[in-house]
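>>> Have a look at this prediction, sequence included:
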Amino acid sequence: MASEDAPFFDLPLNLPHAAEVAGRIARRLGPREDVRRRVKEAAAELAAGLMFHLGAEDNPEPEEAEADRLTALENARRLVDLLEAQGVGGETLGRLVRNLFECLGEGREGAAAGLRAGESPDSIQRPWNPRDPGKNAED
């Protein structure tokens with residue numbers, strides 16, 4: 001299945017939840033000794049860029065929200081590149097990365113980014129196509 005045909009969660013922009021997820025990513029990477037400093041710095045920069053949205057009830061005004069979304073996406077893409085290049089992803093980290101992109105309104109990109117960050121393509125938490133009998137068929 002081509003990536004543009006792959007199922008994904010199409011969610012509205014949610015900067016407060018994106019901030020929560022970015023913080024989880026940074027906390028997950030922080031204590032790991034196998035993760036290079038550049039990766040930790042990229043995760044910290046991503047989380048710091050969204051921190052003003054923590055605890056907010058909703059997104060800010062559309063113009064500010066879009067600017068913050070685009071900055072977060074740029075930082076998230078850089079983090080995924082680093083995770084993939086250094087081979088330090090994993091199942092939970094990949095799910096967090098996918099969820100971050102979903103919160104930033106880029107579910108399609110998130111479905112692919114999650115895999116690049118280590119999420120299993122067979123994870124029960126991944127979006128699936130009910131017309132694809134192989135994905136969720138009983139063994």
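Structure's in. What do you need?

>>> Just confirm residue 119 contacts residue 99, I think it does.
No: in this structure, residue 119 is not within contact of residue 99 by Cβ atoms under 8 Å, at 9.9 Å. Every residue, glycine included, has its C-beta placed from N, CA and C.

>>> And residue 44, how far from residue 50?
Computed as Cβ to Cβ, to the nearest Å, the residue 44 to residue 50 distance reads 11 Å.

>>> Residue 89: neighbour count?
20 (other Cβ atoms under 10 Å).

>>> Spatially nearest residue to it, not counting backbone neighbours?
residue 118 (2.8 Å; Cβ to Cβ, 6 or more residues apart in numbering).

>>> again with residue 36
In space, residue 36 is closest to residue 86, 5.9 Å off (Cβ to Cβ, 6+ apart).

>>> Run through the residues that contact that neighbour.
For residue 86, the contact set (Cβ atoms under 8 Å, 6 or more residues apart in numbering) comprises 35-36, 39.

>>> export those to TSV and tack on secondary structure, distance to residue 104 and pLDDT?
Shown next, in TSV, are the contacts of residue 86 (DSSP: H, G, I helix; E, B strand; the rest coil; distance: Cβ to Cβ, whole Å; pLDDT from 0 to 100):
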residue	secondary structure	distance to residue 104	pLDDT
35	coil	23	90
36	coil	25	93
39	helix	19	95
